[in-house]
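Participant: starting from these lines, generate the structure:
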Amino acid sequence: DIFPVDIDIDSRGPTSFLRRLRPEFVLEYEKPLSCDAFMNTNESLDTEKDDIEVAEAGNYLRTVSVENFVKRLDSLELMPIDSTSLTQAFHSNGINIRMLGKVAKSTALPHIRETCIIEIVARSAKKILRKQIVDLIF
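Facilitator: Okay, the predicted model is just below:
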């Protein structure tokens, strides 16, 4: 994997090393980020520095980037009208789709909130249905 992991060090839940920062975010972030952060078994100062920088980047994404994205949505600078345009808006701003709930909670516009909630429900239903189909086949 070439993109750094998205680690929320403030989270109390289990850490998933499958979650990655989006390439658009990594390109626009102020510091270069190591893709080996939290993965390196070396215990050197550089490794610790990489881990801290990637954790800070993830925190920046979840706070500043999402907040700025919501402001752009609320000002109608971005106007997603369907699933495809919503996904494109998220990704082009370097935000992972897993932030849908955070955006839905933060927006002041009902149509943006509804579009996010519809997307959450659709993705959840798709995941459940796929699992049931797999269970039926195997």
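Participant: return the residues in contact with the residue lying closest to Leu61 once chain neighbours are set aside.
Facilitator: In space, and not counting its chain neighbours, Leu61 is closest to Phe25: 5.8 Å by CB to CB, 6 or more residues apart in numbering. For the C-beta atoms, the positions are set from N, CA and C on the backbone; glycine is no exception. If a contact means CB atoms under 8 Å, 6 or more residues apart in numbering, then Phe25 has 57, 61, 65, 94-95 as its contacts.
Participant: do that again at 10 Å, thanks
Facilitator: Going by CB atoms under 10 Å, 6 or more residues apart in numbering, Phe25 touches 3-4, 6, 33, 57-58, 60-61, 65, 91, 93-96.
Participant: swap in Tyr29?
Facilitator: 4, 21, 53-54, 56-57, 60-61, 65, 94.
Participant: could you report the neighbour count for Pro80?
Facilitator: 18 (other CB atoms under 10 Å).
Participant: burial check on the residue lying closest to Ile95 once chain neighbours are set aside, number of neighbours?
Facilitator: Nearest in space to Ile95, with sequence neighbours left out and distances taken as CB to CB, 6+ apart, is Phe69 at 5.6 Å. Per other CB under 10 Å, the neighbour tally for Phe69 reads 23.
Participant: also Arg62?
Facilitator: 18.
Participant: please enumerate the helices of the protein.
Facilitator: 23-28, 45-60, 66-74, 83-92, 100-106, 110-137 (DSSP state H).
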